[in-house]
Structures are given as structure tokens and as C-alpha cells.
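Asker: generate coordinates for the sequence data below:
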Amino acid sequence: MNQTLLIYTKEVTPRLRYVFKHIFTRVLGLEMGFTSEIESFVAHDGPKLSYTQKQLGNELHFGSVELLFEQGVSDAGIQVMDWEGVPCFFSIKNEASALPYDVFASSFYLLSRYEEYLPHVKDDLGRFPYTESLAGQNDFLQIPVVDEWMERLKIVFSERYPEIQLARTSFETNVTIRVPQAFAYRKIGFIRTVGGYIQDIFNLRLRQLYDRTRVILGVRKDPYDIFTWLVNVQKQSSSTFNVLFELGDQTSDTTNIRYSKVSFQSIIKMMGDYCHVGLLASVVSAKNAVELKKEKNRLESIVNKPLQRGKYANNQFNIPQSYKMFLEQEIIKDYGMSYPNKIGFRAGSCRPFLFYDLDYEMQTSLLLTPVSLPLEAVINLNERTVDIVEVNEMKGRIENVQGVLALSCTNSLLANSDWRTLLKNIIGVS
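Answerer: Purely as a prediction, here's the structure:
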């Protein structure tokens with residue numbers, strides 16, 4: 001039997017190719033082809049399905065809406081419904097359809113970030129807030145709905161074609177450590193050190209004054225310098241570790257030490273020997289392609305190899321402009337697909353996916369890794385507590401679909417031993 005899946009549709013568009021390839025090839029591991037000719041579809045002796053408004057015969061059929069056959073963006077007036085406990089939209093009234101909603105158009109809507117191209121109210125920093133999202137407004141932000149839909153699609157497909165072996169995915173963890181400031185007290189310069197002492201005294205921060213003095217005298221290690229610990233954890237873990245360094249010029253938003261300092265460069269090189277190193281693009285470079293290129297060149301000159309990984313600091317990016325800037329600089333892996341200090345799935349999925357540019361109606365080479373668990377969102381720094389129930393629920397949802405649990409935090413957060421223990425527990429390191 002021919003193992004290639006043949007899909008019949010009225011028109012093979014870039015949108016349709018993108019979402020079908022993501023689902024059937026990247027996730028389910030099937031070879032796939034398209035046709036708009038009924039004769040070729042009927043003659044095919046392997047697995048096949050139709051994606052149309054009406055079923056052709058007795059083939060596996062999925063009803064379609066118009067989204068994947070359109071160009072540009074328009075307000076779709078989406079109504080969210082519940083089907084077997086999972087939120088869904090783009091309902092299909094055709095009873096012959098294997099699912100009562102258009103799983104492909106719905107997936108494309110979320111993965112392409114279609115809603116972020118529509119008019120919306122930005123937050124104070126110019127970002128797309130979760131409150132403007134379909135998931136946020138309909139209370140399914142913390143459900144990986146795209147992956148849940150794929151699970152139901154797999155059941156339907158396997159019932160029809162039990163002889164076809166689908167790829168089996170496994171639960172993974174991915175860790176991104178952001179380094180906006182490598183040291184709290186060391187190497188920060190004379191003026192900043194004096195300013196720090198003045199603020200400590202003025203605000204009666206005696207413990208911080210004591211710690212600052214001990215670090216400067218070399219009696220204790222700088223609290224932000226957790227890099228040797230990170231290397232040891234990486235050695236014990238099967239998780240992928242990405243360490244992203246900010247190398248922008250100092251501004252009110254960029255407080256890292258100068259990139260040219262030997263001690264800073266030594267840390268970057270050490271981390272590059274054991275982890276994946278990338279760029280934490282500064283707030284300035286998020287709006288300035290020249291600055292982004294300069295920061296990228298700085299990092300590449302330190303590690304002596306091309307830079308592939310990146311994220312915009314403070315999640316200050318706008319789709320599609322910010323991603324286009326990454327692509328222009330040949331940054332092809334992004335770790336910023338999340339909402340700041342909010343757990344959940346910005347694109348409805350816990351699996352990496354390629355960015356689709358709705359401006360040009362084309363799939364790009366930029367791989368987006370959804371970060372579902374920013375540790376800052378589950379930790380109460382004032383009370384020194386963690387919402388472990390929230391953590392376990394998020395982990396359980398991702399394990400149920402055998403996806404990727406991607407978590408993120410700063411090196412300064414890991415200055416606290418309790419949060420270092422939390423990170424190790426989540427990724428399964430003793």
C-alpha cells in the first residue's frame with residue numbers, strides 16, 4: 001500500500017501547505033501530497049482525505065471554512081465552542097466531516113498569530129497583551145488546544161487507516177536562561193558601584209550593603225553568577241539549555257556590563273561549550289535593525305561562530321516586524337513566543353513551529369519555540385512562595401500531548417537557591 005497521504009482540496013494555497021505540512025509531516029511524520037484533480041484522488045491507493053465543503057464519496061473528509069483559501073487578514077467574528085471538553089472554533093455544519101470544526105483553519109489562525117495582525121490595544125510597552133487574544137478572552141490560554149486537536153485528529157486518522165504508522169512524540173523540557181545582567185555587583189563600573197552604595201545606605205538595605213561589600217572584596221561569589229551551577233545542571237539533564245546574553249549599549253533599559261570585559265566574555269565562551277548560546281536583543285535593538293546587527297556581531301565575535309538563537313528582551317516584539325528583523329540577521333530560532341509573566345500558550349501549541357508571514361503569505365525559516373512556563377509567573381518574590389499546583393497542571397497538560405515544556409527565567413532569579421531547586425525539580429534533576 002502506498003504510504004503517502006494524498007489531500008484533495010479545491011486550491012493548494014501557501015496557507016494550506018504550511019498548516020498541513022506542520023501537522024502531518026512535522027508532527028505525525030507522514031509523507032504528503034496535494035491534488036485538485038478528482039481523477040488523481042480517486043486513483044490513489046494510499047491514505048487520502050478531502051478538505052472541502054462537501055464530501056466527494058466515502059473518503060475521510062474534513063469540512064473547510066475559507067480562511068486557508070484567503071489572502072490578507074480580516075476580522076473573522078470567531079465564536080468559541082466546546083467539543084468533548086476542548087475549546088474549538090470555525091464550526092462545521094457538514095455532518096460528513098470527521099470533526100465538527102475546521103481543525104486546520106483553527107490551527108493556522110493560532111500558529112500564524114493571525115489575531116496580532118488585526119487592530120488591537122497594546123500595553124504600556126507597545127506589546128500585544130494576552131487580554132486581547134482569543135485564548136485570553138475565552139479562558140483557554142493555559143490549554144495547548146492545537147496539540148489537543150492533533151490528538152483527536154490522530155484518533156480519527158488511525159481509525160480509518162490503522163495500518164499507517166504515525167510518528168510517536170515524547171515529552172521534552174527546554175530551558176531558556178535570560179541574562180540581562182551577568183553580575184549584580186562585580187565589574188559594573190565605579191559610578192554604578194558608588195551609586196549602589198548610596199542607594200543601599202539611603203534605603204537602609206543593610207543586608208544588600210553587606211553582600212555588595214563582600215562580593216567587591218572577593219569574599220563571596222556574585223549572586224547573579226550562577227553559570228558554573230548551570231553547566232553542572234546541564235551535564236545532568238537531557239533538557240536543551242539556551243542561555244541568551246544581552247550585549248546592548250547601556251541605557252535605562254539595558255544594565256548589563258560592557259560586552260568587551262574579559263570576565264564577561266569568558267562566561268559567554270564557557271556557556272557556549274556546554275549550552276546553546278544566543279542573543280537577548282535589547283529594547284533598543286527591537287526597534288532598530290542597525291543596533292540588532294551590532295549586538296549580533298558582538299556575540300558572534302565572542303563565540304566565533306554564527307548566531308542562530310535569539311529573543312527580544314522584555315518580550316518587546318511586534319509581529320511580523322520583529323521576526324522579519326531576526327530573519328534579516330539570519331537568526332532562525334526564537335524563544336520569545338509567550339506573554340510576559342503569564343503562563344500559557346500564546347500560539348495555542350507547546351510544540352516548536354515555523355513562523356508564517358501573513359504579509360507575504362509565506363512560510364519562513366524562523367523556528368518559534370513556545371515558552372509556556374515563565375518561572376516569574378509562578379513565583380511570588382515578596383512572599384518567597386511558588387504556585388506548585390499551577391506548575392504541575394501545566395506540566396501535566398503538556399505530558400498528555402507528549403509535547404515540549406519550555407520554561408524561562410533570568411540568571412538573577414536563580415540567585416535564590418529555592419528557585420534553583422524548583423528548576424531542577426521541573427526538569428527532573430536531583
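
Asker: neighbours of Ser365, just the number please.
Answerer: Close neighbours of Ser365, defined as other CB atoms under 10 Å, add up to 10. From N, CA and C alone the C-beta is placed, and that goes for glycine too.

Asker: and the chain, what are its domains?
Answerer: With domains defined by automatic domain parsing, the chain comprises 5-160, 172-183+224-427, 186-221.

Asker: could you tell me the end-to-end distance of the shortest one?
Answerer: With CA to CA, to the nearest Å as the measure, the first residue of domain 186-221 is 9 Å from its last.

Asker: try stretch 25-39
Answerer: By CA to CA, one end of stretch 25-39 lies 24 Å from the other end.

Asker: identify each buried residue in it, please.
Answerer: Val27, Leu28, Leu30, Met32, Phe34, Thr35 (16 or more other CB atoms under 10 Å).

Asker: pretty sure the last one contacts Lys10?
Answerer: No: in this structure, Thr35 sits apart from Lys10 without contact. The criterion is CB atoms under 8 Å, and the distance is 10.7 Å.

Asker: strands along the stretch 101-250 of the chain, start to end?
Answerer: Using DSSP state E, counting those that start in this stretch, the strands found in the stretch 101-250 of the chain span residues 172-179, 240-245.

Asker: and of these, who's closest to Trp419?
Answerer: Nearest of these to Trp419, taken as CB to CB: strand 172-179 at 11.8 Å.

Asker: give me the contacts around that closest one.
Answerer: 230, 237-246, 256, 280, 311, 313, 335, 369, 371, 403-411, 414, 423, 426-428 (CB atoms under 8 Å, 6 or more residues apart in numbering).

Asker: now do stretch 422-430
Answerer: So stretch 422-430 is contacted by 173, 175, 233, 236-237, 239, 373, 375, 379, 386, 391, 395, 405, 407, 409, 414 (CB under 8 Å, 6+ apart).

Asker: in TSV, list the buried residues of stretch 25-39 along with distance to Gly348.
Answerer: TSV is the format used below for the buried residues of stretch 25-39 (distance: CB to CB, whole Å):
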residue	distance to Gly348
Val27	14
Leu28	17
Leu30	22
Met32	22
Phe34	24
Thr35	29
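
Asker: run the chain-centre distance for stretch 174-193.
Answerer: Relative to its parent chain, stretch 174-193 has a centroid offset of 24 Å by CA atoms, centre = their mean, to the nearest Å.

Asker: just the ones in helices from the contacts of stretch 422-430, please.
Answerer: Mapping these onto helices (DSSP state H) picks out Val233, Gln236, Val391, Lys395.

Asker: quick one, what contacts Leu30?
Answerer: Applying CB under 8 Å, 6+ apart to Leu30 gives the contacts Gln3, Thr4, Leu5, Phe24, Pro47, Ile164, Leu166, Ala167.

Asker: that older thread, what is the nearest of the buried residues of stretch 25-39 to Ser322?
Answerer: Val27 (25.8 Å).

Asker: so what's Phe202 scoring on pLDDT?
Answerer: pLDDT for Phe202: 75.

Asker: typo on my end, Ile191
Answerer: On pLDDT, Ile191 comes in at 67.

Asker: do the one 4 residues further on as well
Answerer: The pLDDT attached to Gly195 in the predicted structure is 66.

Asker: sorry, back to before: with distance to Ile331 added, can I get the strands of the stretch 101-250 of the chain in TSV?
Answerer: Listed next are those as TSV, based on distance: least, CB to CB, whole Å:
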stretch	distance to Ile331
strand 172-179	14
strand 240-245	11
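
Asker: if any of the contacts of strand 172-179 are buried, put those into a PyMOL selection.
Answerer: Filtering the contacts of strand 172-179 down to the buried ones (16+ other CB under 10 Å) takes a single PyMOL command:
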select buried, resi 230+237+239+240+241+242+243+244+245+246+256+280+311+313+335+369+371+403+404+405+406+407+408+409+410+411+414+423+426+427
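
Asker: so where is the protein shaky, pLDDT-wise?
Answerer: For the chain, applying pLDDT under 70 flags the ranges 1, 188, 190-191, 193-197, 200, 210, 252-253.

Asker: pick out the residue closest to the middle of it.
Answerer: Of all residues in the chain, the one closest to the mean position by CA atoms, centre = their mean is Pro370, 1.9 Å from it.

Asker: tell me what that one is bridged to.
Answerer: For Pro370, the beta-bridge partners are Met337 (DSSP bridges).

Asker: for it, what are its contacts?
Answerer: Met337, Ser338, Phe345, Arg346, Ala347, Ser349, Cys350, Arg351, Pro352, Phe353, Val404, Ala406.

Asker: Leu67: which of the residues you listed is nearest?
Answerer: Closest approach to Leu67 among the contacts of Pro370 (CB to CB): Ala347, at 15.8 Å.

Asker: wait, that closest one touches Phe108, no?
Answerer: No: using CB under 8 Å, Ala347 is not in contact with Phe108; the gap is 10.7 Å.

Asker: OK, contacts around Tyr224?
Answerer: Gln181, Ala182, Phe183, Ala184, Asn411, Ser412, Ala415.

Asker: now do the same for Ser97: helix, strand or coil?
Answerer: coil (DSSP: H, G, I helix; E, B strand; the rest coil).

Asker: surely it and Leu60 touch.
Answerer: No: the criterion here is CB under 8 Å, and Ser97 misses it with Leu60 at 10.0 Å.

Asker: higher neighbour count, the two?
Answerer: Looking at Ser97 and Leu60 with other CB under 10 Å, you find the greater number of neighbours at Ser97, namely 23 against 18.

Asker: need the nearest residue in space to the more buried one, chain neighbours excluded.
Answerer: The shortest distance from Ser97 to any non-neighbouring residue, by CB to CB, 6 or more residues apart in numbering, is to Gly63 (3.5 Å).

Asker: for the one you found, give me its contacts.
Answerer: Contacts of Gly63 by CB under 8 Å, 6+ apart are Thr52, Gln53, Ile92, Lys93, Asn94, Ala96, Ser97, Leu99, Asp102.

Asker: can you tell me which of those has the most neighbours?
Answerer: Within the contacts of Gly63, most neighbours by other CB under 10 Å means Asp102, with 25 neighbours.

Asker: for it, which non-adjacent residue is spatially closest?
Answerer: In space, not counting the residues next to it along the chain, Asp102 is nearest to Phe90; the distance is 4.1 Å by CB to CB, 6+ apart.

Asker: what about the one you found, how many neighbours?
Answerer: Neighbourhood size, Phe90 [other CB under 10 Å]: 23.
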